[in-house]
Structures are given as C-alpha cells and as structure tokens.
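[1] the sequence isn't on hand, but the structure is:
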Ligand SMILES: NC(=O)c1ccc[n+]([C@@H]2O[C@H](COP(=O)([O-])OP(=O)(O)OC[C@H]3O[C@@H](n4cnc5c(N)ncnc54)[C@H](O)[C@@H]3O)[C@@H](O)[C@H]2O)c1
Ligand SMILES: O=C[C@H](O)CS(=O)(=O)O
C-alpha cells in the first residue's frame, strides 16, 4: 500500500453520476503491485448493467455541460490541473504502485498529464466558426462547431494517468461528457483523477468511471449504445481493430491510438554521444513499455561497432529495481505474460543468429524484473523486428545505404513514431519525407508534448491527440444556410 499524504486519493469505489459506489453485482477486482505481486487494493468490477447506468448519467449531464461557456469549462479544467500538480507526489506513488514505473518517470507522467488540461482549457476557447461568402443574394452561410456528445474513452495500463487526461481534456473542453474505462491493471490512477475532478468542480455525470474485470463486456455495451457518439481508444492494434468493427453499427466517431514498431536509425554522420543517449532514453523509458519506444535500432555500417559498444555498456549500467527505491531506472514489466512474450521474441532471435551483447534474461530480483538487453546481428527475418516488444530489449540491425535504411524502417504495418540521427541537412530532408510515420524525432527522442499532434499512420491508429488538432476529434461541424434575407 503506497504511503500517501492524502489517503483519500486511494479510492476503492468508482464514480458514476456523481455517486461513489460499487458494482451492482458486488464484484470486485484486485489491483496488484507488479514489483512484488502484492495486492494494493480492490476496486469495483462493473458489468454491463453498470455501464448502461454510466452512459445514461453522461447523457443526462451532457446538455448542461455543453451549454456552459468554454471559459467556464476551462476554469474547471485549469483548477483540475492545479490540483493534480498539488498532489503530484501522491498520484505518482499510486501510479508506480499499480504500474511499476520508476518514481522520476511517474512524476513526469503526472505533470505531462496535467499539461493537457491547461492546454485544452485554452483550446476550448478558440473553437472558431466561419462565415462563407454567400453564393447567391439573400443568403448567409455560417459554419459552427458543437460537441459530439457522449464519449466513451478506453485507456491502457502503461500510462495510467496521462492517457486518460489526453482524452478527457479535449473532450470536456469541447463540451462532451465521458464514460471512461481504464485498464483493469491500473484503475487507481483513474479513480484518483476523478477525486480531484470533483474537487475542481466537475459536475456529476460529466465524467463516469467504469472499472471492470471484463473489458470485453463493457466494450460491447459502449460500442453498441447509440447514445455513445464517439469512441476514443488507446491500446493495442488488435483491440483497436475489434472496437472499430464493433462501432460500425452505430457509425461512431473514432480516435484510435494504437501500437507501434518504431525504427531508430543511426547514420554514419550522427553525433555518437547524442545517438547513444537518445536511443537509451527512447528504448528503456518505462522499461520499454511505451508505444513510441525504439523497437528496432538500425545502425549504419561505419558507426555500428562504436555505437553498439557504447550503447550496450550504457544499457548494462541501468539500475533495475522497484519504484520504492528512488534510484531505480528500470521497473518491473507489467505481468508474467509480458515477460513470457519478451522471452519468446528473444529466443526466436537468438535461434536465428542474433547475439546477446548484454542482458538477455530475467533479473536476479525475480518476479517480472528483466535485465536491460541489447542484441546485435539482428535481421528482419526475426519476429522481434515485426512485433511490438514492449520490454527492455534493443535489437540492433546493420545497414549499408540510406535507401536500405528507409526500406527497412518502413517495412511494417505500423506507422506511429520513428527516429533518426544525422547531421546532414539533405539527408534530414529526404529521410523525414520518406519515413511513413505520424511522429518523427530527428536527433531527438523526447517527442511527447501536449502542444504537438500525437498519432500514427497505417495500423497505428486514426486521429491525433494534443495540439490544436486534438479538440477537433470531439467536435461536429454544422453548416447553417440562412435564406430569405
Ligand atoms: N498510440 C498510443 O498513443 C498508445 C499509447 C499507449 C499504449 N499504446 C498501445 O497500447 C498497448 C498496450 O496497452 P494494453 O496492453 O493495455 O492494450 P490492450 O489493447 O490490451 O488494452 C487497452 C485497453 O483496452 C481494453 N480492452 C481490451 N480488450 C477490450 C475489448 N474487447 N473491449 C473493450 N476494451 C478492451 C483494456 O481493458 C484496456 O483498458 C500497446 O500496443 C501500446 O503500443 C498506444
Ligand atoms: O505509450 C505511449 C504513450 O503515448 C506515452 S507518451 O505519449 O509517449 O508519453
């Protein structure tokens, strides 16, 4: 149990229609600390009946919330952001306890999450319309934008706070109401955000939290309901496809933030120190469990050996341990299944000729801790280059020329993030245009910010979160033709 300055942030009930309570069935779900396998708390395990209650609450709350001015909604969102930052340490402790993220990263996620409320509190006030020069006398043509209505938001375990705020901030700023289903592994962060939402003045029914042990059943309710006009999902591509199909019958608006297979390319002309530091941060952030982690590291022949030696040494020096140790840099993986997937990909790569430069096995700490691992002699024939690793394993692939690097990088159904290191301005222009990804880091891997559009191409998703684009996902365009003037 995390030691909190404000224990009221750890909630064992969920919030629907402004009321904290349990599941109609009385069922509960245990929340486990991945660092030691111990139970932190239980939360309600809601079922379809509860989901319908949440949808009805959001529907009832929508007219009044949409009728508020953007400035009024913005004031509540900004107050929410202030409260999140006032409770940053507690929220980070809760987050680390249920997800395993090292303390410094958890604090960073809380601040990153809060930034979306500040950003969209302002963006909500700049939802402008248009006046179109009339095509005929006696008419006036106007374009206005209105909130889409009730939004279903479904979020993953790997960023249990920021993935919620990255959806709720634009949705609420636009005037929508929300039914949120957080990941079953990490519900405590969602419930703590809801506590602070109430304190910020968010009215009952505007945000409703559906914690559950049966995501499929809840998903079926959310996608089948004609009241839910928008689904905003962050998670795996496989689940995204399923939800996209299920949303077809009610023709829902969709935002899908899905999986990735990020290439990180190091060209001969790269700054070696910059490339090693950037690749280390990008690969091992959240112990490799982010959608934009480098999943394949492509290194040009001329710089390969120097990069491999420096990078492997830096990976080997990373401190593995629980978030309770503030010096920990690599936490546990989220589950035994996650470790099994990493081991499967590793053994396939080694069987096909990959060489382990460092790591390659479970950490002596036991549980789901895994050694930071670097492989070289990796080829595109290995499963590790085709699947999202979601663990602390860095596969190094060699390449000869620029065209080969781009071909290797684009050889995937994913298109979320890509990175490359080069100091050749012509190469920067050519490669940034040729890479088929929604986000491209050039000599930079710290790409996540509320001010820029986050999202992917191909099977990494639909739409963008953050930036001035993020609020459009929650707005309907209405064209008014005023005649007889
Ligand atoms: N693109 C992004 O911004 C982004 C950000 C974070 C994570 N991700 C991706 O998320 C994945 C890791 O997260 P995960 O393991 O939680 O993904 P997941 O798809 O297993 O689960 C994501 C969410 O969907 C829910 N879910 C699962 N099956 C469902 C169903 N049938 N109906 C309704 N909901 C269902 C889960 O309970 C969870 O809340 C990775 O692929 C990662 O790349 C993407
Ligand atoms: O897992 C990927 C998330 O989008 C996290 S972040 O936006 O890169 O911080």
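    Looks like it came in fine. All values reported here derive from a predicted model rather than from experimental measurement. Ligands and ions are numbered 1, 2, ... in the order given.
[2] any idea how far residue 168 is from ligand 2?
    According to C-beta to the nearest ligand atom, to the nearest Å, residue 168 and ligand 2 sit 15 Å apart. C-beta coordinates here come from the backbone N, C-alpha and C atoms, glycine included.
[3] what kind of secondary structure is the residue nearest to that residue when sequence neighbours are not counted in?
    Take residue 168 and drop its neighbours on the chain: the residue closest to it by C-beta to C-beta, 6 or more residues apart in numbering is residue 178, 5.7 Å away. State at residue 178, reduced to three classes by DSSP: H, G, I helix; E, B strand; the rest coil: strand.
[4] neighbours around residue 430, how many?
    A count of nearby residues for residue 430, using other C-beta atoms under 10 Å, gives 15.
[5] need the nearest residue in space to it, chain neighbours excluded.
    Nearest-residue entry for residue 430: residue 402, 7.1 Å, with adjacent residues in sequence omitted and distances by C-beta to C-beta, 6+ apart.
[6] wait, isn't that neighbour in contact with residue 268?
    No: here residue 402 does not reach residue 268: they are 10.0 Å apart, not a contact under C-beta atoms under 8 Å.
[7] neighbour count winner among these two?
    With neighbours defined as other C-beta under 10 Å, residue 402 and residue 268 compare such that residue 402 has more, 19 against 13.
[8] residue contacts, the more buried one?
    Residues in contact with residue 402, defined by C-beta atoms under 8 Å, 6 or more residues apart in numbering, are 267, 427, 430, 431.
[9] now do residue 452 against residue 418, distance only.
    Going from residue 452 to residue 418 by C-beta to C-beta, to the nearest Å gives 15 Å.
[10] what's whatever helix or strand residue 146 lives in packed up against?
    Element membership for residue 146, per DSSP states H and E: strand 140-147. Other elements packing on strand 140-147 under the criterion 3 or more C-beta pairs under 8 Å, 6 or more residues apart in numbering; DSSP states H and E are helix 48-67, strand 130-132, strand 475-482.
[11] can you give me the angle that strand makes with helix 48-67?
    Put simply, strand 140-147 runs at 140 degrees to helix 48-67, going by axes from the mean of the first three to the mean of the last three C-alpha atoms, to 10 degrees.
[12] tell me how far strand 140-147 lies from the chain's centre.
    When distances are taken as C-alpha atoms, centre = their mean, to the nearest Å, strand 140-147 is centred 32 Å away from the chain's centroid.
[13] sheet partners, orientation included, of the following helix or strand past it?
    Using DSSP H and E, the next helix or strand after strand 140-147 towards the C-terminus is strand 150-154. Applying DSSP bridges to the sheet, strand 150-154 is found paired with strand 177-181 (parallel), strand 228-234 (parallel).
[14] strands of the stretch 1-150 of the chain, start to end?
    Along the stretch 1-150 of the chain, the segments classed as strands by DSSP state E, counting those that start in this stretch run 14-16, 19-21, 28-32, 39-44, 130-132, 140-147, 150-154.
[15] where does the stretch 51-200 of the chain get nearest to ligand 2, which residue?
    As assessed by C-beta to the nearest ligand atom, ligand 2 sits closest to residue 159 within the stretch 51-200 of the chain, at 4.6 Å.
[16] measure the residue nearest to residue 430 to ligand 2 for me?
    Distance of residue 402 to ligand 2, given as C-beta to the nearest ligand atom: 27 Å.
[17] quick check: phi and psi at that residue.
    Main-chain torsions, residue 402, degrees, to the nearest 10: phi -60, psi -40.
[18] re the thing from before, how about a markdown table for the helices and strands packed on strand 140-147, with mean pLDDT added?
    Below are the helices and strands packed on strand 140-147 laid out as a markdown table (pLDDT from 0 to 100):
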| stretch | mean pLDDT |
| --- | --- |
| helix 48-67 | 98 |
| strand 130-132 | 98 |
| strand 475-482 | 98 |
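[19] and those as TSV, adding distance to ligand 1 and mean neighbour count?
    Below are the helices and strands packed on strand 140-147 laid out as TSV (distance: least, C-beta to the nearest ligand atom, whole Å; neighbours: other C-beta atoms under 10 Å):
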stretch	distance to ligand 1	mean neighbour count
helix 48-67	10	19
strand 130-132	31	12
strand 475-482	20	12
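[20] turn these into CSV, columns for distance to residue 306.
    What follows is the helices and strands packed on strand 140-147, written out as CSV (distance: least, C-beta to C-beta, whole Å):
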stretch, distance to residue 306
helix 48-67, 55
strand 130-132, 55
strand 475-482, 50
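[21] show me which residues of the stretch 301-450 of the chain are close to ligand 2?
    residue 448 (C-beta under 6 Å from any ligand atom).
[22] of the helices and strands packed on strand 140-147, which is nearest residue 292?
    strand 475-482 (26.2 Å; C-beta to C-beta).
[23] buried residues in the strand holding residue 146?
    For strand 140-147, burial by neighbour count (16 or more other C-beta atoms under 10 Å) applies to 141, 145, 147.
[24] quick check, nearest of the residues you listed to ligand 1?
    Closest approach between the buried residues of strand 140-147 and ligand 1, by C-beta to the nearest ligand atom: residue 147, at 22.6 Å.
[25] now do the strands in the stretch 151-300 of the chain.
    Along the stretch 151-300 of the chain, counting by DSSP E, counting those that start in this stretch, strands occupy 177-181, 207-209, 228-234, 253-257, 262-266, 294-300.
[26] out of those strands, which is closest to residue 99?
    Closest of the strands of the stretch 151-300 of the chain to residue 99 is strand 228-234, at 14.4 Å (criterion: C-beta to C-beta).
[27] what average pLDDT does the closest one get?
    Strand 228-234 shows a mean pLDDT of 98.
[28] give me the angle between it and strand 253-257.
    Going by the same axes, to 10 degrees, strand 228-234 is angled at 10 degrees with respect to strand 253-257.
[29] neighbouring contacts of strand 228-234?
    Here strand 228-234 makes contact (C-beta under 8 Å, 6+ apart) with 55, 148-156, 163, 166-167, 171, 176, 179, 222-223, 239-240, 243, 247, 250, 252-258, 473-474.
[30] re the thing from before, export the helices and strands packed on strand 140-147 as a markdown table, with columns for distance to ligand 2.
    Output for the helices and strands packed on strand 140-147, formatted as a markdown table (distance: least, C-beta to the nearest ligand atom, whole Å):
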| stretch | distance to ligand 2 |
| --- | --- |
| helix 48-67 | 25 |
| strand 130-132 | 32 |
| strand 475-482 | 22 |
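[31] of all these, which one is nearest residue 115?
    Checking those against residue 115 by C-beta to C-beta gives strand 475-482 as the closest, at 20.9 Å.
[32] on that earlier part again, nearest to residue 363, of the helices and strands packed on strand 140-147?
    Closest to residue 363 of the helices and strands packed on strand 140-147, according to C-beta to C-beta: helix 48-67, at 39.1 Å.
[33] tell me if residue 418 really is in a strand.
    Yes: according to three-state DSSP, the state of residue 418 is that of a strand.
[34] wait, it sits on residue 433?
    No: in this structure, residue 418 is not within contact of residue 433 by C-beta under 8 Å, at 11.9 Å.
[35] in terms of neighbours, single out the busier of the two.
    In this view residue 418 and residue 433 are compared by other C-beta under 10 Å, and residue 418 has more residues nearby, 29 against 9.
[36] alongside ligand 1, which residues does the stretch 101-250 of the chain contribute?
    154-159, 163, 181, 183-184, 215-216, 219, 234-236, 239, 242-243.
[37] now the closest residue to ligand 1 within the stretch 51-200 of the chain, nearest residue through space, not along the chain?
    Going by C-beta to the nearest ligand atom, ligand 1 is nearest to residue 156 of the stretch 51-200 of the chain, at 3.3 Å. Nearest non-adjacent residue to residue 156, counting by C-beta to C-beta, 6+ apart: residue 235, 4.7 Å away.
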